[in-house]
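K.L.:
3D model of this:
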Amino acid sequence: MNGYAIQDVVNLLDRKISKQAISQYENGVMKPSAENMLLLCNALGVRPDYFAREVEVRLKDPSYRKLKRLPAKEQEKILQMAVDYLERYLELESLLGEETILKFSLHQYEIKTYEDAERAAEQFRQVMGFGNDPLLNLVERLEEQGIKVVELLVHSDFSGFATVMNDNCPVIVLNTNPDIAVDRKRFTLAHELGHLLLKPVDLDEEKCANRFAGALLIPQDRLREELKAHRNNIHIKELLLLKQQYGISMQAILYRAKDISIISDYLFKEQMKVFSQLGIRKQEPGSFDCEEHSHRFWQLILRGVAEELISTSKAAALCNMKLSAFLDELVKLS
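P.N.:
Residues are numbered from 1 along each chain as shown. Predicted structure coming up:
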């Protein structure tokens, strides 16, 4: 290790780290914590960059049905962009001694009916401490649960997909194109989370994921509070207000109301006709005024620079930025 024998390193550290632990660090069996990383760097006179090792990113066959509609070159480009970001993310975590802890199990909910998907969303909300309130900044909340959300700006009709990295880390790739409405991005996130959590048995996976997504964004108890148990008609502006409050599209709210029997199939069809007549089926009015973006990557970068765990040039490389642009970004306060 930097020319030292393992026992020499132990002595330099005044035995604050065991010989066995240092051996595991050196052989890549275990990563040092942030505290131990600092001890090692100070003792050896190196930066944490010294301990950086190449990371490997393997993506399981993704559930990217919409992605597969794109030309092969576009598919490959999106996958390469996702892998590049994940490699930089994992390297950053390694340098800072960070470890992502997944707070749920993949495909933990067996789904035998579509109502089971509804219940799974309710259970997930409660277990994660979300309650029944509107979910603000869903991207950040999912990252807090151990999911890597890859935000890519792609100029194509592609919303997102879910996959698993290195057999154990769930990943959701999301198109951040500003032409895509925030409520659609949120539904995509919730839908892809459904693919990661649910294990449908002889059911349509897409319908299960849609039911889960709707229930995650606006739980049935809350929707019944807002609309009451049964309705013979719903004013379109009611839907607009709920969209602005919960970040779910007006049409998705109608689907929710039909699924939990607040409205009849007939009323649902009639309401959808109104959307067509008004020309708002593809582009609804109103928006959800809330940021949908995770700050975790940048927070790790800034901590690494502030604590001198990584150099500014290394930080710029991890951000895929030129050093001058990165330094300009560091001094921005708005």
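
K.L.:
let me see the ranges of the strands in this protein.
P.N.:
Per DSSP state E, the chain carries strands over the ranges 109-111, 148-152, 160-165, 169-175, 198-200.

K.L.:
okay, those in CSV with mean neighbour count, mean pLDDT and distance to residue 76 next?
P.N.:
To be clear about C-beta, it is placed using only N, CA and C from the backbone, and glycine gets the same treatment. CSV is the format used below for the strands of the chain (neighbours: other Cβ atoms under 10 Å; pLDDT from 0 to 100; distance: least, Cβ to Cβ, whole Å):
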stretch, mean neighbour count, mean pLDDT, distance to residue 76
strand 109-111, 19, 98, 32
strand 148-152, 21, 97, 13
strand 160-165, 23, 94, 14
strand 169-175, 24, 96, 14
strand 198-200, 21, 97, 28
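
K.L.:
quick one, helices of the stretch 101-250 of the chain?
P.N.:
114-127, 138-144, 182-197, 205-217, 220-227, 236-246, 250-259 (DSSP state H, counting those that start in this stretch).

K.L.:
mind listing what's buried in the first one?
P.N.:
Translated: helix 114-127. Neighbour counts over helix 114-127 (16 or more other Cβ atoms under 10 Å) mark 114, 116-118, 120-122, 124-125 as buried.

K.L.:
quick one: distance of stretch 137-147 to the chain centre.
P.N.:
5 Å (Cα atoms, centre = their mean, to the nearest Å).

K.L.:
need the contact list for residue 323.
P.N.:
312-313, 316 (Cβ atoms under 8 Å, 6 or more residues apart in numbering).

K.L.:
just the ones of those residues in helices?
P.N.:
Counting by DSSP state H, those place 312-313, 316 in helices.

K.L.:
out of the strands of the chain, which is closest to residue 325?
P.N.:
strand 148-152 (18.4 Å; Cβ to Cβ).

K.L.:
hang on, the earlier thing: so which of the contacts of residue 323 is the most crowded?
P.N.:
residue 316 (21 neighbours; other Cβ atoms under 10 Å).

K.L.:
which one is it nearest to, not counting chain neighbours?
P.N.:
Nearest non-adjacent residue to residue 316, counting by Cβ to Cβ, 6 or more residues apart in numbering: residue 326, 3.7 Å away.

K.L.:
also residue 120?
P.N.:
residue 109 (3.9 Å).

K.L.:
so what's the one you found up against?
P.N.:
Per Cβ under 8 Å, 6+ apart, neighbours of residue 109: 116-117, 120, 123-124, 197-199.

K.L.:
got TSV for these, with distance to residue 295 too?
P.N.:
Below are the contacts of residue 109 laid out as TSV (distance: Cβ to Cβ, whole Å):
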residue	distance to residue 295
116	34
117	30
120	28
123	28
124	23
197	24
198	28
199	32
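
K.L.:
contacts only, for residue 230.
P.N.:
Residue 230 touches 261-263, counting by Cβ under 8 Å, 6+ apart.

K.L.:
now that we have the residues you listed, which of them are buried?
P.N.:
By 16+ other Cβ under 10 Å, the contacts of residue 230 give 262-263 as buried.

K.L.:
how about JSON lines for the contacts of residue 230, with distance to residue 298 added?
P.N.:
Rendered in JSON lines, the data for the contacts of residue 230 read as follows (distance: Cβ to Cβ, whole Å):
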{"residue": "261", "distance to residue 298": "45"}
{"residue": "262", "distance to residue 298": "41"}
{"residue": "263", "distance to residue 298": "43"}
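
K.L.:
number of residues surrounding residue 273?
P.N.:
Neighbour tally, residue 273, other Cβ under 10 Å: 11.

K.L.:
any idea of the pLDDT on it?
P.N.:
Residue 273 carries a pLDDT score of 97 in this model.

K.L.:
do you know how far it is from residue 250?
P.N.:
14 Å (Cβ to Cβ, to the nearest Å).

K.L.:
quick check: chain neighbours aside, which residue is closest to residue 191?
P.N.:
Using Cβ to Cβ, 6+ apart, the closest residue to residue 191 is residue 213 (4.2 Å).

K.L.:
ok, now which ones touch that neighbour?
P.N.:
By Cβ under 8 Å, 6+ apart, residue 213 lies in contact with 121, 187, 190-191, 193-194, 252.
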